[in-house]
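S.K.: Here's a sequence, model it:
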Amino acid sequence: MSKFVHIVFGDSAEGTLKYFFENNENKFNGEVINFREDYSIGPIYEIDTEKGLRKRIEWVEKILKKVCEDDYFEDIKKEFINTYKTIKNIDKDSKIVIWYGENIDNQVGLRHLNALLRNKELYEINVSESYIEDYNYSKYRPRALGECAPEQIGHLISTVKKLEKEKCNCLIDDWNVLRKSKENLRILKDNKIIGVDESYYDKDILSNCTFNFKKAARVIGATMGKSDQLVGDAYIDYRVRILIESGKVEYRGKLETMRDFEVRVSGNVNEFFKKLFKKSCQVDEEGFYHYLLEDKENNLMVDTTYITDWNKIDLSNKLILDYNKNNMFSLIWFKEGRDLISINDTLIDNIEHKIEVYEDENGEEVKTEAIIIFLENVIDKYLEIQIKPYIRIVFKNLDTMY
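M.R.: Modelled structure (predicted):
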């Protein structure tokens, strides 16, 4: 009698499926094999050769030794090799069900498994083809089996279907191309597997760091949570440490686990404004810097008059930006003598310079420049100070930023 063997990707997926089989009688019950590979990262060039596999193992070892204890890798290495042996030695009369979703790890793994098991009877369950309910009764489309609860497996397993020969051949053809690729990082974009540079997530990491120290684990979690890719915490942790080595990120604490140290972006608000305005200003007796901005006929005027001499200048149309070395920030905007907006003593988490070019309703090109300020404890919003072609200040929702 044929038996079922289920191949899943990752510990969470393995635990969910095993729990379901242990607590439910089902005609598909069978062995669960965890293909504990992360195909989103690491070299896959000729991975099906001894040399290629060794190169991949060495790369994974480099990552893990940077982010965790050395002896942990030996367990991973043994499981790594044993998993390949287990898959290659599945009985020829077994019905093999591959569980996968629409994420880069699973999509590359699906192609590799088809190459490894090309002469076996294969079935598939794409969990991303189903909508399931979360605990708030909202429906969502899971990207991986690990995002599903045990009570949802009954529905998902009913969608099992045979992997047709034509599809198998296409997946194997894809694998034959992938196994010759030399990138160490991959993403899934528009249903295509794309190789990218190892620094691909660095911009997201930096955007989740702030000028003020916060736990590395929070930065890593935020980077993973906001990404449209499914990427593991070990790789993001590794890139955080690379950014520390490059000087783009500072840390305090012990670089052991991600919970043992805090990080912040290098630099401060004063460096940002000095570079942006190409002017430096003196610090006053209380430790604050002041820039006075004014737009005149769509030209930005930047004034650094020292605070004791403000009585000699016209403040009636000025935007005054105040901050100190600890990134404590205030602003006040006077227009035609009226106080339009005031913000007092708020910590800046991060700051960016944004330039946009677009055509107006008359078809003429318009260029805008703005300072984007993320304020501490202001959730889901950012402050946009437009400085060209004219000054404008507004709070915007984060989901409108990009």
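S.K.: which residues does the closest residue to Asp11 other than its chain neighbours form a beta bridge with?
M.R.: Nearest residue to Asp11 in three dimensions, chain neighbours excluded: Asn34, at 6.6 Å (C-beta to C-beta, 6 or more residues apart in numbering). The C-beta positions use only the backbone N, C-alpha and C, and glycine is treated the same way. When assigned by DSSP bridges, Asn34 has beta-bridge partners Val8.
S.K.: Might one say that Asn34 is in contact with Asn82?
M.R.: No - Asn34 is beyond contact range of Asn82, at 10.8 Å (criterion: C-beta atoms under 8 Å).
S.K.: So these two - more neighbours on which side?
M.R.: Using other C-beta atoms under 10 Å as the criterion, Asn34 and Asn82 rank with Asn34 on top: 20 against 11.
S.K.: now that one: how far from Glu14?
M.R.: Distance from Asn34 to Glu14, counting by C-beta to C-beta, to the nearest Å: 4 Å.
S.K.: what's the overlap in contacts for the two?
M.R.: Val8 (C-beta atoms under 8 Å, 6 or more residues apart in numbering).
S.K.: Name the surrounding residues that touch the helix or strand that Ser12 is a member of.
M.R.: Assigned by DSSP states H and E, Ser12 belongs to helix 11-23. With contacts defined as C-beta under 8 Å, 6+ apart, helix 11-23 is touched by 6, 8, 26, 29-30, 32, 34, 36, 99, 144-146, 148-150, 153-154, 157.
S.K.: So what does Glu50 look like in phi/psi?
M.R.: Backbone torsions for Glu50, taken as degrees, to the nearest 10, come to phi -60, psi -40.
S.K.: per-residue confidence at it?
M.R.: Listed pLDDT for Glu50 reads 88.
S.K.: now do Thr400
M.R.: Note for Thr400: predicted pLDDT of 59.
S.K.: before we move on, what about Asn299?
M.R.: Per-residue pLDDT puts Asn299 at 88.
S.K.: so where is the chain shaky, pLDDT-wise?
M.R.: Across the chain, the ranges flagged by pLDDT under 70 are 1-2, 69-76, 133-137, 399-402.
S.K.: Domain boundaries for it, per the record?
M.R.: Split into domains by automatic domain parsing, the chain comes to 4-188, 199-265, 269-400.
S.K.: which residues in the stretch 251-400 of the chain form strands?
M.R.: Here the stretch 251-400 of the chain has its strands, by DSSP state E, counting those that start in this stretch, at 261-265, 288-296, 299-303, 319-324, 328-335, 338-359, 365-375, 381-388, 392-397.
S.K.: what's the angle from the second one to strand 299-303?
M.R.: Orientation note: strand 288-296 sits at an angle of 150 degrees relative to strand 299-303 (axes from the mean of the first three to the mean of the last three C-alpha atoms, to 10 degrees).
S.K.: cool, the fifth one as well?
M.R.: Using the same axes, to 10 degrees, the interaxial angle of strand 328-335 with respect to strand 299-303 works out to 130 degrees.
S.K.: List the neighbouring strands of strand 328-335 plus their orientation.
M.R.: Partners of strand 328-335 in its sheet, by DSSP bridges: strand 319-324 (antiparallel), strand 338-359 (antiparallel).
S.K.: Next, the angle from that strand to strand 365-375.
M.R.: Counting by the same axes, to 10 degrees, strand 328-335 lies at 140 degrees to strand 365-375.
S.K.: okay, strand 328-335 in CSV with CA atoms only?
M.R.: The C-alpha atoms that make up strand 328-335 are tabulated as CSV, following Å, rounded to 0.1, in the frame of the first residue of the first chain:
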residue,chain,number,x,y,z
MET,A,328,15.7,67.0,20.8
PHE,A,329,13.8,69.0,18.2
SER,A,330,11.4,72.0,18.1
LEU,A,331,10.1,74.2,15.3
ILE,A,332,8.0,77.3,15.0
TRP,A,333,6.6,78.6,11.7
PHE,A,334,5.7,82.3,11.3
LYS,A,335,3.9,83.4,8.2
